[in-house]
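In: Sharing a model prediction with you, sequence too.
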Amino acid sequence: MSTVQKFIDENIQTFENELFDLLKIPSISTDSKHKGDVKKAAEFLIVQLQNIGLDNVTLHDTLRHPIITAEKCPHEDRPTVLIYGHYDVQPSDPDELWITPPFEPTVKDGRVYARGASDDKGQSFTHIKSVQAYMETGTELPVNVKFILEGEEEIGSPNLVPFIKKNRELLSCDMVLISDTSMFGENQPSITYGLRGLAYMEILLTGPNRDLHSGLYGGAVDNPANVLCEIISKLKDKDGVIQVPGFYDDVEELTPEMREAYKQLPFDEEEYKNNLDLKALHGENGYSTLERVSARPTLDVNGLWSGYQGEGAKTVLPAKAGAKVSMRLVPGQYPAKIAKLFADHVKSIAPDTVSVEVVEHHGGHPIVIDLEFYGLKAAAKAFEDIYKKEVLFSREGGSIPIVADFKKVLGVNSILMGFGISKDALHSPNESFSLKDFHRGIKTSARFFELLPEFSD
């Protein structure tokens, strides 16, 4: 065992405790009440990066939440890896569904339960610890490393792309390393080589100028809540096909080779249903479950509001109604175009009994990485060396918009070296992360840095 790997084994308890300290900080980026907490998490990471001996550790203020950069670049002739992660988290609500408090890290059955445990504090922290293992053992860092850590990923990274464009030289690299995805299964290492894009929209309907008595006005005034339900019901047909005109026009269809590759993945549909307590699945006809969740576009309502929400009854005809809708996109689709098609369609099917506004919140481009990229090959070998199992390559249904932005602005590929699994419950109550995979993640990261120069020759 190398000195670096031995150091990781010997210090894993300390690393876990430091992770728990980070998880205690409620760095919820979307809630202005937690702005100070987001800054506190950034300052925690600044101290971490400084303490392990990185150079130029800097906290950059933005219009909302800080961006952190740091580096250690001892080589002129070896690859430079830019490590990206985010320290902000999703809101914890509904808090009553958490078995343990979301910001009091609790270890149970080898997993730490806390908001951000997997997405993305636990996963991104693995790379800080792997670099630390090199620095504190006096072992030469095999490659150049740079860090960029942000506090706005969960709100669409509004300030990150402008920062990257402004700081191309500071962030220049040969590839980006990201751990914000999942492995294909427990103890089954996998590398994500494709991500769907995103167009996130909101529909806002307004009827009368105030809430009305449903007995006095019901039957004479159109109810915005009813209208909203009718609009939503027309967005997809019973077979899961999206009804927005032009939605599928630019979709790059799966090739026979791609579809065959999906069939080779070890996927148990019955286990998938049982894990979700579902009797049946539903999706676009003609495609498998794996194809639907990672390689086909989708449209889903993420939230609905209107009318009285309190205890008991209130006979009210609401004046307003709203829905949040996300669309996952695949190669060939462009977020701005899809957003316009969606907005135009909703307005076209809304009756004149209400006024309608469609708001575009944020989006991201889909991306697929070339499997022949040497960085992916080095990452696969690192996984196999640590997990002792052949790595799988898969596409993932989620979106990390910055991956496409890194490609567009810096001209480099990203390596999606995820250590999470589906049971981590990202964005849900009782989010968790396997401490075994936190440990193996640190070791895989360190091994990747060791192997990369060999694969770059």
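Out: On my side now, so go ahead.

In: rest of the way, CA atoms for contacts and neighbours
Out: Noted.

In: And stretch 222-234, how far out from the chain middle?
Out: With C-alpha atoms, centre = their mean, to the nearest Å as the basis, stretch 222-234 stands 31 Å off its chain's centre.

In: buried sites along it?
Out: Along stretch 222-234, these residues count as buried under the neighbour rule (16 or more other C-alpha atoms under 10 Å): D222, N223, P224, A225, V227, L228, I231.

In: Confirm that I203 lies within a strand, as I assumed.
Out: Yes. In this structure, I203 lies within a strand as judged by DSSP: H, G, I helix; E, B strand; the rest coil.

In: Tell me how many other residues crowd it.
Out: Around I203 there are 21 other residues, counting by other C-alpha atoms under 10 Å.

In: Please name the bridge partners of it.
Out: A323, V358 (DSSP bridges).

In: Now render the buried residues of stretch 222-234 as a markdown table, adding distance to K324, pLDDT and secondary structure.
Out: Below are the buried residues of stretch 222-234 laid out as a markdown table (distance: C-alpha to C-alpha, whole Å; pLDDT from 0 to 100; DSSP: H, G, I helix; E, B strand; the rest coil):
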| residue | distance to K324 | pLDDT | secondary structure |
| --- | --- | --- | --- |
| D222 | 21 | 95 | coil |
| N223 | 19 | 97 | coil |
| P224 | 15 | 97 | helix |
| A225 | 14 | 97 | helix |
| V227 | 15 | 98 | helix |
| L228 | 11 | 98 | helix |
| I231 | 13 | 98 | helix |
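
In: and which of those residues is nearest to D405?
Out: When these are compared for distance to D405, the smallest value, 33.1 Å, is given by I231; criterion: C-alpha to C-alpha.

In: my guess is that closest one meets S348, correct?
Out: No. The criterion here is C-alpha atoms under 8 Å, and I231 misses it with S348 at 10.0 Å.

In: okay, F184: pLDDT?
Out: F184 carries a pLDDT value of 84.

In: give me the number of residues near the nearest residue to it once chain neighbours are set aside?
Out: Leaving aside its chain neighbours, F184 sits nearest to S190 (5.6 Å; criterion: C-alpha to C-alpha, 6 or more residues apart in numbering). The burial count assigned to S190 is 26, neighbours taken as other C-alpha under 10 Å.

In: Next up, the contacts around S190.
Out: Contact criterion C-alpha atoms under 8 Å, 6 or more residues apart in numbering gives S182, M183, F184, A380, V391, L392, F393, S394, M417, G418 as the residues in contact with S190.

In: 10 Å instead, please
Out: Contacts for S190 (C-alpha atoms under 10 Å, 6 or more residues apart in numbering) come out as 181-184, 379-380, 383-384, 389-395, 416-419.

In: now for the buried residues of stretch 222-234, which pair is the farthest apart?
Out: In these, the most distant members under the criterion C-alpha to C-alpha are D222 and I231, with 13.3 Å between them.

In: Using the record's domain definitions, break this structure down for me.
Out: Described in terms of automatic domain parsing, the domain architecture of the chain consists of the residue ranges 3-195+366-456, 197-251+297-361.

In: Out of the ones you listed, indicate the one that is most buried.
Out: The highest mean neighbour count among the domains of the chain, using mean count of other C-alpha atoms under 10 Å, belongs to domain 3-195+366-456: a mean of 20.

In: Can you dump the C-alpha atoms of the longest helix seen in the chain in PDB for me?
Out: Across the chain, the helix with the greatest residue count (assigned by DSSP state H) is helix 435-456. Taking C-alpha atoms only, helix 435-456 is exported to PDB below (Å, rounded to 0.1, in the frame of the first residue of the first chain):
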ATOM      1  CA  LEU A 435     -19.100   6.400   5.000                       C
ATOM      2  CA  LYS A 436     -17.500   3.400   3.200                       C
ATOM      3  CA  ASP A 437     -17.900   5.200  -0.100                       C
ATOM      4  CA  PHE A 438     -16.700   8.500   1.400                       C
ATOM      5  CA  HIS A 439     -13.500   6.500   2.400                       C
ATOM      6  CA  ARG A 440     -13.300   4.700  -0.900                       C
ATOM      7  CA  GLY A 441     -14.000   8.000  -2.700                       C
ATOM      8  CA  ILE A 442     -10.900   9.700  -1.100                       C
ATOM      9  CA  LYS A 443      -8.800   6.700  -2.100                       C
ATOM     10  CA  THR A 444     -10.100   6.600  -5.600                       C
ATOM     11  CA  SER A 445      -9.400  10.300  -6.000                       C
ATOM     12  CA  ALA A 446      -5.900   9.900  -4.800                       C
ATOM     13  CA  ARG A 447      -5.400   6.900  -7.200                       C
ATOM     14  CA  PHE A 448      -6.800   8.900 -10.100                       C
ATOM     15  CA  PHE A 449      -4.200  11.600  -9.600                       C
ATOM     16  CA  GLU A 450      -1.500   9.000  -9.500                       C
ATOM     17  CA  LEU A 451      -2.600   7.300 -12.700                       C
ATOM     18  CA  LEU A 452      -3.400  10.300 -14.800                       C
ATOM     19  CA  PRO A 453       0.100  11.100 -16.000                       C
ATOM     20  CA  GLU A 454       0.400   7.600 -17.400                       C
ATOM     21  CA  PHE A 455      -2.800   7.900 -19.400                       C
ATOM     22  CA  SER A 456      -1.900  11.300 -20.700                       C
END
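
In: Give me the helices and strands touching that helix, please.
Out: Contact partners of helix 435-456 among helices and strands, from 3 or more C-alpha pairs under 10 Å, 6 or more residues apart in numbering; DSSP states H and E: helix 3-10, helix 12-23, strand 80-86, strand 111-113, helix 121-137, helix 374-387.

In: Which strands or helices does the shortest one pack on?
Out: Okay, so that is strand 111-113. Applying 3+ C-alpha pairs under 10 Å, 6+ apart, one finds that strand 111-113 makes contact with helix 12-23, strand 106-108, strand 432-434, helix 435-456.

In: what's in contact with the first one?
Out: Yep, that's helix 12-23 we're talking about. Against helix 12-23 from outside (C-alpha under 10 Å, 6+ apart): 8-9, 40-42, 44-45, 48, 87, 89, 102-107, 112-117, 121-123, 125-126, 128-129, 435-436, 438-439, 442.

In: Equivalent analysis for the second one, please.
Out: Contacts of strand 106-108 from elsewhere in the structure, counted by C-alpha under 10 Å, 6+ apart, are F20, I99, T100, V112, Y113, A114, S432, F433, S434, L435.
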